[in-house]
Structures are given as structure tokens and as C-alpha cells.
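Participant: Have a look at this fold, sequence not included:
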């Protein structure tokens, strides 16, 4: 078809530049051209199974079609079939039935070439070749299957259909306004994609450069039946309503001070006749906005002069007078009635003299996505309150201000009473809708787990509780990844790809922490997520050593992960191992010449005089004097 269009263009150009007088245009000559090929099937990808070969031709009336030969061969191989047919007139077709070359038996992955030669009555000939590949898919794609997953199907797998090169489609799906992800296997066992920032382009879980949490679920599509498309080459996605609704507006946007009264970031989705919805938009108290048919105020717009919930066309700005939070907004472009429904607060924090920030600053809870907020935190004896958005406009306290308000209860909005708490580490949970709260014992242990640790992903290596809200551990790591978790289980865990360099983990992050091989003193604060990875040195000290109790003799790594050694002359006496030439982290023991070191033991290791190679493995805590 392309060659035929080019030929017609050439003829027209030639006529324009070769005729002095337009009336001298030779119509017959303009239809005397070599035969063209309108269509070749198959092309590109051919779904495995039975199929026919079809080639369509066209020519001018002065030199009509005469004959055509079509043959099929393996690329670089043998010919499978050939067919010659007589043609006539200005159009024609040659069809080779699949039964003539056993189309159904052609193997997946093999490539074939169609050779075409067509001649017209003036012996003008056109020769064309076209290749195709037998495939499990009807079009080119980077993956063999694709699924959409989210709460709408219980995070299961709804299969998408490949409808064009790299384009996967799922028709008439309702994502319920919830999070969703795209994946290339039914069980999340390989690659998946998310776009939490709603950029229109997803990020792969296999992308080594992705920042923390950028592969999490996407919530920007909204609810209602849609047709969803994903390009597995560009990683872009799009959707359109699968239902046609009656409407008095061509589109709907929320334009206000938050977007300088322009832009497409706050686009509504039509969900019923004349009804538009915008999910989870953050509105601050006092902000002004309008409804508009277009993102640049072209067309109609609506405001509300008296704030009664019914807009007027070209009315004044609407001033929002409720508390700062996220809201769902509905607008009816026929009745002009709008509704703004509270969804959630941007942040919920706990504050008080029992918290790390005292009464000066909140410690924010984590939004669990189910209406509740929670946090693992170490508290002292004292008082607390919950509040929204780090200010006192919206806060909740206890019902009585007595011990009956702890460890659980129903909070009171803007209560005069604080909630009294008892010192400890707690998992604090608060529901700002039902106002229920609880302080449950939160941490029995903090451990490190991951393929960089001696135990891999099989079990935690527990850290030392420093009794000040921090946990520490001296450990030899290999290059790999780790995570911190509470109570040897996954409900409460901390990750974050770059936490080792930034010094801050992310509670509940899906990303592991990248670490380099080395010997570390790791200190972790679960209440804040802060973490330090300090290069550790191990020394031996004591009156059995050359420098006595005054200074350490450092051990050096042996090449075995976590193991260090030194050759040293010792006298009768006692010895201990310690970290970074200081006493906060040390080990003693009672056995000689080998044994298991005990953290912060009051016992020195009893040493008999001699020259020894002293070894300590900080991962197993075994030591030997050989």
C-alpha cells in the first residue's frame, strides 16, 4: 500500500511540473503505472496455528493486471509453496490456503519470507518480499503475558490481551479507585510495575535505580468501568471510560490556588450521567477553587457565591472552610450540586512528654491504608495526645485523663484530657474515624535478616537491646541486602534501598537495604527509623596482653566473613575482646583455649602464658587461642 501511495504521489508531481497547460494533462498516462501491492498477510507476527497467505494487488486501467506469483520460503532455507495465478482488471488477489503448506505445523519462533512478483498487460513488473514470524502472540511484545492486579481482584491476576505491537489491553474493568499494579506473571514471581506518583509511566521492581517505594501500587485511575492499556516497551499506560454517559460538559477539572488555577493534574472522571468524581484531593483550609470544563478556563466554569453546595456558572471562587485533609469531590454538571466528602488526614501524629519529641513536635504514625494509623515507638512515663497535620486544630485526647484511658480506649475530639502512658515500647494504633486507639507491647526483639547476613533469609540475628530505645549488633556482612524486623516476623519491618548511606530506614518499605561487605557496628532506632553502619575494629585487651588494660591489640580480618585473628605473645592473666577500643561493646568468657564469647560478661577469659594465634568470629561468637 505504501509503494502504491508513493507511486500516485510521483505521478501527480510529474504532471504538475511537465505540463505547460493544465488542460494538456494526459489522463490515460496518469493511470499507466506498474502494478502495486495493497496488502500482504501475514506480516510481523503470525499466531501459531492454521492461517492463509493473502496478497492483494492494484493497477491502472491502461495497463491492467495480468498475473502474479506468490511463494513462501523459510528465511535462508527451502521453499515451502509457490502459486501463480492469472489476474485481470485493476484489482486482484492471490490466496494460498494453509493446507497447501501445513501452516498449523509451522513451529513457534521460525521466520518465513513471502516472495511476490506481479506483472501487468504492458509487462511492467513489481517484486516485493515480506517476512513474518510464527509466534505465541499476534503482535510484537516484550513479554509473553500481562496481568492487572489490585484490590479489585483481591490482588489476583486478571489477564490482559495483546491488541497491537507492545500494547496490552483490559476492557471494562473497575479498579474501584484503589491501588493496582501490572505484572508479567500471575503470582508476582518475576517483573511488576507501579506508579505511585501518577506520572503515566510505571517503574519496574527490577529497576536497579528506582528510589524507595517508587514501585508501589498506583491509585490515580479512579473508579468506574474503564478500558485500560499498557505499553510494555515505553512503560506508559492510559485508560478511557468504557461507558458513555450523558453530560453537559466536555470535561471537568478542579482549578484553584493549589495549581495556580490551571493544569490537568486535577482531572475528574465521569462516573454516571452528568456526574464527575475526583478522588483523594488534598484541600487546605481557606483555599479557593472552581470547577472548569477545560484545564485553561476555556469553556464553562462554575463557582459558588453563597457556599450552599450548588454552583453557579461563571460564579465566584469557592472558599474551602473545612479542616485540611484529603477529600473525594463529586460535581453534577446538570444540577450544579457538588459534594466534598472527607477521606483522610495527610498525617496523624502522637505528641506529648512521653514521646521522643515531647510537646514540641509530633512523631508521625504510618497510614496503613485501611483507615488506621500505627507506629512502633518507645515511650516514657508521661502524657500523650493524637493530632492531625502537626497542629492543634484537630486533636484527640483521653476520655477521663486517668489510668483507665490506657492501654486502649476511644479518643475524644479536642479533649481537655491527655492520655497517660506507662514507659515501654509499643505498637500504637489509632483510627481517626472510629477514634479507637491501642498501645500494645510492640517489640520483644529486633533482628537483622537478609542474604548479606550469616543466616540469609531463613532467620534473624537478634540485636542487643541497649535499653534506651536503640538496638546494636556487631556483625560481619557480605555484599547483599538486609532488613530490620521486630519479633522475628514481617508485620513490622524496616527497609529502604539507600538506608545504609542516608542513615534512615523506611517502615514497611518493600525495598531491601543495600550493604557492602565488611565488619560493622550497626545501631538502629525503631521509633525513628534511624540507623548507623559504623566500620568496626576488634581488639584484645587485658593483663595477659602486652599493653595490659591500657590499650587494645587489634585483630585483623582473615577473609572469612566475621572472623578476625592476631598472633600475639601472652602471659598468665585475663583477657577480653572489645569493639572500637571502648567498653560499651565487649565480650568475656570462662573457657580457655577455646569457647563462646559472652556479651558484656563480667568474666575475663583466663589465659595461660604462650604465643598464640587468637581468633574471634563475631557472627558465631566462637574464639580460640591456638
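Facilitator: That came in fine, so what should we check first? From a predicted model like this one, the values you see are computed outputs, not experimental measurements.
Participant: can you list the domain ranges for this protein.
Facilitator: In terms of domains, the chain is parsed into 2-135, 147-241, 253-344, 348-426, 446-535, 538-625 (source: automatic domain parsing).
Participant: Out of those domains, flag the one nearest residue 438.
Facilitator: Across the domains of the chain, residue 438 has its closest neighbour in domain 348-426 (4.1 Å, Cβ to Cβ). The C-beta positions use only the backbone N, C-alpha and C, and glycine is treated the same way.
Participant: if I pick residue 258, what's in contact with it?
Facilitator: 266, 282-284, 287, 289 (Cβ atoms under 8 Å, 6 or more residues apart in numbering).
Participant: May I see the buried residues of stretch 529-543?
Facilitator: By neighbour count with 16 or more other Cβ atoms under 10 Å, stretch 529-543 contains the buried residues 529, 531, 533, 536-543.
Participant: from memory residue 69 sits against residue 125, does it?
Facilitator: No - using Cβ atoms under 8 Å, residue 69 makes no contact with residue 125, being 10.3 Å away.
Participant: residues shared between the contacts of those two?
Facilitator: With Cβ under 8 Å, 6+ apart as the test, residue 69 and residue 125 both reach 117-118.
Participant: beta partners of residue 598?
Facilitator: residue 588 (DSSP bridges).
Participant: I should have written residue 329 there, sorry.
Facilitator: Here residue 329, judged by DSSP bridges, has bridge partners residue 278, residue 340.
Participant: still on that earlier bit, restricted to helices, list the buried residues of stretch 529-543.
Facilitator: Using DSSP state H, no member of the buried residues of stretch 529-543 sits in helices.
Participant: List just the nearest of those to residue 42.
Facilitator: residue 529 (56.6 Å).
Participant: any idea of the pLDDT on the closest residue in space to the closest one that isn't next to it in sequence?
Facilitator: Nearest non-adjacent residue to residue 529, counting by Cβ to Cβ, 6 or more residues apart in numbering: residue 505, 4.3 Å away. Here, the pLDDT recorded for residue 505 equals 93.
Participant: can you pull the contacts of residue 505?
Facilitator: 484, 494-496, 499, 513, 524, 529-531.
Participant: Run through the stretch 51-200 of the chain and note the low-pLDDT ranges.
Facilitator: For the stretch 51-200 of the chain, not a single residue meets the criterion pLDDT under 70.
Participant: Do a quick rundown of the strands in it.
Facilitator: 53-58, 65-74, 79-86, 91-96, 111-120, 125-135, 147-149, 158-159, 161-164, 167-174, 181-183, 192-194 (DSSP state E, counting those that start in this stretch).
Participant: quick one, which of the ones you listed is nearest to residue 311?
Facilitator: Going by Cβ to Cβ, the one of these nearest residue 311 is strand 167-174, 27.7 Å.
Participant: Now do that closest one: everything it contacts.
Facilitator: 139, 141, 146, 148, 152, 158-163, 223-232, 242.
Participant: List buried residues within the residues you listed.
Facilitator: If we count by 16+ other Cβ under 10 Å, these have these buried: 141, 146, 148, 152, 158, 160, 162, 223-224, 226, 228-232.
Participant: measure residue 432 to residue 399 for me?
Facilitator: 16 Å (Cβ to Cβ, to the nearest Å).
Participant: Those two: who's more crowded?
Facilitator: Ranked by neighbour count (other Cβ atoms under 10 Å), residue 432 and residue 399 place residue 432 first, with 22 against 15.
Participant: what about that one, which SS state?
Facilitator: Secondary structure assignment for residue 432 (DSSP: H, G, I helix; E, B strand; the rest coil): coil.
Participant: Got phi/psi on it?
Facilitator: phi -70, psi -10 (degrees, to the nearest 10).
Participant: Now do the contacts for it.
Facilitator: 344-345, 348, 371, 373, 386, 388, 396.
Participant: Let me see the ranges of the helices in the protein.
Facilitator: With DSSP H as the criterion, the chain has helices spanning 2-18, 27-30, 499-502.
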